[in-house]
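A.B. asks: After the sequence you'll find the predicted model.
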Protein chains: 2
Amino acid sequence: MTDKANLLAKFEQIQEYWTPKIIAETNGQLVKLAKLRGEFIWHNHENEDELFYVVKGELLLRFKDREIQLTEGDLYVVPAGEDHLPIAPEECWVMLVEPAATKHTGDVSDERTVDVDDQEWI
Amino acid sequence: MTDKANLLAKFEQIQEYWTPKIIAETNGQLVKLAKLRGEFIWHNHENEDELFYVVKGELLLRFKDREIQLTEGDLYVVPAGEDHLPIAPEECWVMLVEPAATKHTGDVSDERTVDVDDQEWI
């Protein structure tokens, strides 16, 4: 990364839902942006925490034992190994921070799964 | 971290400038919030990248060979080992992501230096 990234300008470049795009790397963690809409799939990341920061809209994170309702400006870290189901009733824009090796669908494969090596920088 | 953090609510709790407060931990990295105003000191973090995300206001990052001007919504990663001088002409609110061991003044000691073990969670 040699230049700054403006989040809103980067979000303008994202057309698809549930397809995180990389905007920065820091200490082996990737900063990604994604547009979400609808219900994703239950999954977990065995060894990696996953940070969610809601830039726009609302995001419900459903866990086996609780629900976390996030709105604009809210930040939450999903602990490693915890099953979670992200649900965005309307379009939601999130920033994610997670290790370079993290697959966005965890160990679950789905038609929306993007292979780690295929994740794009914008 | 068991609950979500709302950034604006957390910023309301910060009274001092140049005193990062921790709001979350993810994969050994700490997410911190700080209010900045004025000129800090030249310093570097030998082994750690430092991510800046400007939530409010403007931040100038002066390097030996360039200047990066950040405004609301801009994100920039200062590479490990690079000397930098943060300058906030007016009050500026930033979110930082950096390893737990990172001192905010690097190897330089200043009357504003907060020891890593003394950094507070809010």
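C.D. replies: Cool, got the structure. Just so it is clear, the structure is predicted and the values come from calculations on it, not from any experiment.
A.B. asks: Does the biggest strand by length in chain A reach chain B?
C.D. replies: Across chain A, the longest stretch assigned as strand under DSSP state E is strand A:84-99. Yes - judged by Cβ under 8 Å from any Cβ of the partner chain, strand A:84-99 comes into contact with chain B at A:97, A:98, A:99. Placement of C-beta: from N, CA and C, glycine included.
A.B. asks: what's the burial count for residue A:110?
C.D. replies: 13 (other Cβ atoms under 10 Å in any protein chain shown).
A.B. asks: Also residue A:16?
C.D. replies: Neighbourhood size, residue A:16 [other Cβ under 10 Å]: 10.
A.B. asks: Could you check how far it is from chain B?
C.D. replies: Residue A:16 sits 21 Å away from chain B, going by Cβ to the nearest Cβ, to the nearest Å.
A.B. asks: Spatially nearest residue to that residue, not counting backbone neighbours?
C.D. replies: Spatial nearest neighbour of residue A:16, excluding adjacent residues (Cβ to Cβ, 6 or more residues apart in numbering or on different chains): residue A:35 at 7.4 Å.
A.B. asks: pretty sure that neighbour is touching residue A:20, no?
C.D. replies: No - counting by Cβ atoms under 8 Å, residue A:35 does not reach residue A:20; the two are 9.4 Å apart.
A.B. asks: Now do the contacts for the residue nearest the centre of chain A.
C.D. replies: The residue lying closest to the centre of chain A (Cα atoms, centre = their mean) is residue A:96, at 4.5 Å. By Cβ atoms under 8 Å, 6 or more residues apart in numbering or on different chains, the contact list for residue A:96 reads A:20, A:30, A:31, A:32, A:33, A:34, A:50, A:51, A:52, A:53.
A.B. asks: Could you dump the residues you listed into CSV and include pLDDT and distance to chain B?
C.D. replies: Compiled in CSV, the contacts of residue A:96 are given as follows (pLDDT from 0 to 100; distance: Cβ to the nearest Cβ, whole Å):
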residue, pLDDT, distance to chain B
A:20, 95, 15
A:30, 96, 11
A:31, 97, 7
A:32, 97, 12
A:33, 98, 10
A:34, 98, 15
A:50, 96, 8
A:51, 97, 5
A:52, 98, 9
A:53, 98, 8
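A.B. asks: Okay then, goodbye and thanks.
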